[in-house]
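1. Coordinates for the following, if possible.
(chains A and B)
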Amino acid sequence: KNEVEQSPQNLTAQEGEFITINCSYSVGISALHWLQQHPGGGIVSLFMLSSGKKKHGRLIATINIQEKHSSLHITASHPRDSAVYICAVRSLGGNEKLTFGTGTRLTIIP
Amino acid sequence: NAGVMQNPRHLVRRRGQEARLRCSPMKGHSHVYWYRQLPEEGLKFMVYLQKENIIDESGMPKERFSAEFPKEGPSILRIQQVVRGDSAAYFCASSPPVPDPEAFFGQGTRLTVV
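-> Modelled structure (predicted):
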């Protein structure tokens, strides 16, 4: 079993829909990151969380440390949100390296 | 303040050749991480370096792969005698020397071994 599990693996939605991507992890962590990767592109850091909730524009990220679970939400989704969204955790005592989920491929249809 | 710079963006090597991938961290960042993304797979940690020191190389293949981060100049990931299975995207990330730092990623180097 992977240390970081994401669901769903693939998600297709209509423009304007509310999107939720989930991430569960099995280890103690010091921080969780949500990353975005466009096809053939680089990786952009969206959020870093250690507790609670963060919001940036139409993106919201939440984390529940007790349940070892995080969610990324996108409100009023747009075709330009189409990308792979990756959850990554920094384990406690893990030398600051990140362990990644396999990603969620999001496609927003106009 | 330029972001994390990786070059080249694309690299084609024949089997048996050497590949050198470069990563210049953001200004003020002394920690560098290399990650590999194999086709249709997730990102995997390879090595974590600070200036002139390898801190954690637990993700590096035991043979043919090496990494350095000299006092001056970029971090280099070196792959000797490349094989087709080395074809992947190699990403570098850098962070400042603070607890629980934000991770800043480069655009990646896409290595193709023919």
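2. quick one: low-confidence ranges for chain B?
-> Low-confidence segments of chain B (pLDDT under 70): B:1-2, B:100.
3. cool, and chain A?
-> The low-confidence ranges in chain A, as defined by pLDDT under 70, are A:1, A:94.
4. That one: strands as residue ranges?
-> Ranges of strands within chain A are A:4-7, A:10-14, A:19-25, A:29-37, A:43-49, A:52-56, A:59-64, A:69-74, A:83-91, A:98-100, A:104-109, based on DSSP state E.
5. From the chain's centroid, how far away is stretch A:75-88?
-> Offset of stretch A:75-88 from its chain centre (C-alpha atoms, centre = their mean, to the nearest Å): 9 Å.
6. hmm, I was thinking of stretch A:55-64
-> 10 Å.
7. same question, stretch A:65-83
-> Worked out by C-alpha atoms, centre = their mean, stretch A:65-83 lies 6 Å from the chain centre.
8. How about stretch B:47-65?
-> Its chain's C-alpha centre and that of stretch B:47-65 lie 10 Å apart, by C-alpha atoms, centre = their mean.
9. quick one, what contacts A:Thr104?
-> A:Gln6, A:Ser7, A:Pro8, A:Gln9, A:Asn10, A:Leu11, A:Ile21, A:Val84, A:Tyr85, A:Ile86 (C-beta atoms under 8 Å, 6 or more residues apart in numbering or on different chains). C-beta here means a position set from N, CA and C on the backbone, and glycine is covered the same way.
10. go again using 7 Å as the cut-off
-> Taking C-beta atoms under 7 Å, 6 or more residues apart in numbering or on different chains as the contact definition, A:Thr104 lies against A:Gln6, A:Pro8, A:Gln9, A:Leu11, A:Ile21, A:Val84, A:Tyr85.
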